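Novice: requesting a structural model of the entry that follows:
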Amino acid sequence: MTYIINTDKIKRAAIPWEERPQNSDSPIWRYSKNPVIPRNLLPDSNSIFNSAVAYHQDGFAGVFRCDDTRRYMRIHSGRSEDGINWKINPEPIRFIPSQSSINDLKFDFAYDPRVCWIEDRYYVTWCNGYANHPTIGVAYTNDFEKFYQMENAFLPHNRNGVLFPRKINGLYMMLSRPSDNGHTPFGDIYLSQSPDLTFWGKHRFVMGACGPGWQSTKIGAGPVPIETNEGWLLFYHGVLTSCNGFVYSMGAALLDLEKPWQVIARTEPYIMSPQTLYECVGDVPNVVFPCGALTDPETGQIAIYYGAADTVSGLAFTKVDLIVDFVKRNSSI
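Specialist: Modelled structure (predicted):
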């Protein structure tokens with residue numbers, strides 16, 4: 001039996017949930033009322049997508065990518081009682097320097113955040129850019145009101161920085177995808193290790209783009225890895241270059257619990273691809289991009305938040321035993 005290992009001891013509200021539709025054997029299924037967050041929830045938002053959520057107090061909180069009508073990329077904080085109906089702060093997050101030297105880290109844009117609870121606080125990682133040179137920003141918060149910026153994790157160019165929710169062998173660990181300063185036509189997942197969330201090293205290759213299919217151009221880590229007795233469950237995006245441009249789909253992998261750069265299994269078929277209107281039509285067509293997940297360790301339920309067509313936010317569901325079994329049965333390894 002596969003189960004989720006709960007080490008954070010966070011108070012958990014009931015996650016949003018729908019049962020799998022009858023006559024479906026898919027390991028993952030969409031929320032029937034998607035998109036869960038429309039593009040124009042804020043007065044000046046052009047789109048809201050590629051965002052991350054977490055348990056907080058009696059409900060949920062998150063950090064959201066909200067591109068405004070100038071098409072500037074910004075990240076905002078938000079809250080929800082049920083994980084469905086969100087109130088997003090109309091003002092972007094104003095980061096407070098965690099020390100005087102951070103004053104120099106005034107970035108030009110921010111996008112695609114992740115949120116991870118580690119020990120006693122929430123850490124936010126995001127792609128921040130300096131004159132079109134993106135890297136991984138790091139900050140922490142306790143209340144989703146005040147956010148304290150730390151040193152950038154890596155040199156440019158880098159995207160998709162995703163922390164593990166606990167230290168492993170005494171070290172913090174983060175997945176990332178080294179890239180370039182454009183719409184990267186390549187990319188593999190790497191792991192880096194740190195004693196203090198400031199100095200990063202011991203870099204390890206995890207897995208790369210592969211095959212002629214849905215993950216042949218590039219891949220990148222999605223939500224914070226979920227610890228299970230079978231390994232770290234990682235949802236990730238894979239990209240295919242078609243005659244009509246990039247197509248982003250979702251896959252899943254299992255990583256070794258103590259050496260998470262070692263891949264136990266990864267899906268050869270995708271688990272979800274852009275097929276609905278809101279995933280196929282938008283500012284960037286044909287995109288399913290997972291960034292956040294909520295888990296219920298008692299029931300094994302998982303709710304995944306994903307960006308759809310770089311325009312709106314969708315919600316999908318699975319159960320840990322279903323998805324782990326699917327990964328193991330359909331692994332390319």
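Novice: hey, let's count contacts and neighbours off CA atoms from now on
Specialist: OK.
Novice: for the residue lying closest to Ala252 once chain neighbours are set aside, give its distance to Arg121.
Specialist: The shortest distance from Ala252 to any non-neighbouring residue, by CA to CA, 6 or more residues apart in numbering, is to Phe235 (4.4 Å). Note on Phe235: its distance to Arg121, by CA to CA, to the nearest Å, is 23 Å.
Novice: out of these two, which sits in the more crowded spot?
Specialist: Phe235 (26 against 12; other CA atoms under 10 Å).
Novice: who touches the more buried one in this structure?
Specialist: Phe235 is in contact with Ala221, Gly222, Pro223, Pro225, Met250, Gly251, Ala252, Ala253, Pro290, counting by CA atoms under 8 Å, 6 or more residues apart in numbering.
Novice: switch to 7 Å and redo it
Specialist: Residues in contact with Phe235, defined by CA atoms under 7 Å, 6 or more residues apart in numbering, are Ala221, Gly222, Pro223, Met250, Gly251, Ala252, Ala253.
Novice: can you pull the contacts of the first one?
Specialist: Put plainly, it is Ala221. By CA under 7 Å, 6+ apart, the neighbours of Ala221 are Asn160, Val162, Leu175, Ser176, Ile189, Phe235, Tyr236, His237.
Novice: now with 6 Å, please.
Specialist: Tyr236 (CA atoms under 6 Å, 6 or more residues apart in numbering).
Novice: show me where the stretch 151-300 of the chain has helices.
Specialist: Secondary structure of the stretch 151-300 of the chain, counting by DSSP state H, counting those that start in this stretch: helices at 277-280.
Novice: can you give me the strands for it?
Specialist: 158-163, 172-178, 189-194, 201-207, 218-221, 226-228, 231-242, 245-255, 263-266, 288-296 (DSSP state E, counting those that start in this stretch).
Novice: how far does the fifth one sit from the chain's center?
Specialist: What that stands for is strand 218-221. Computed by CA atoms, centre = their mean, to the nearest Å, the chain-centroid distance of strand 218-221 equals 11 Å.
Novice: shaky segments in the stretch 201-333 of the chain?
Specialist: Counting by pLDDT under 70, the stretch 201-333 of the chain contains no low-confidence range.
Novice: roughly how far does Arg79 sit from Pro260?
Specialist: For Arg79 relative to Pro260 (CA to CA), the value is 31 Å.
Novice: cool, Ala308 as well?
Specialist: Ala308 is 28 Å from Pro260, where distance means CA to CA.
Novice: pick out whichever of these two has more residues nearby.
Specialist: Neighbour tally, Ala308 and Pro260, criterion other CA under 10 Å: the higher count belongs to Ala308, 32 against 21.
Novice: beta partners of Val124?
Specialist: According to DSSP bridges, the partner residues bridging Val124 are Val115, Ala139.
Novice: report pLDDT for it.
Specialist: According to the prediction, Val124 has pLDDT 98.
Novice: can you count the residues close to it?
Specialist: 26.
Novice: about what we covered before: how about the strands of the stretch 151-300 of the chain, which one is nearest Phe144?
Specialist: strand 288-296 (15.8 Å; CA to CA).
Novice: take the contacts of Phe235 and lay them out in a markdown table including distance to Gly300.
Specialist: Below are the contacts of Phe235 laid out as a markdown table (distance: CA to CA, whole Å):
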| residue | distance to Gly300 |
| --- | --- |
| Ala221 | 21 |
| Gly222 | 19 |
| Pro223 | 16 |
| Met250 | 20 |
| Gly251 | 19 |
| Ala252 | 16 |
| Ala253 | 17 |
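Novice: nearest to Lys146 among these?
Specialist: Using CA to CA, these come closest to Lys146 at Pro223, 22.4 Å.
Novice: is that closest one in contact with Gly292, as I believe?
Specialist: Yes: with contacts counted by CA atoms under 6 Å, Pro223 reaches Gly292, the gap being 4.5 Å.
Novice: neighbour count winner among these two?
Specialist: Using other CA under 10 Å, the more surrounded residue of Pro223 and Gly292 is Pro223, with 30 against 27.
Novice: give the contact list for the more buried one.
Specialist: Cys291, Gly292, Ala293 are the contacts of Pro223 under CA under 6 Å, 6+ apart.
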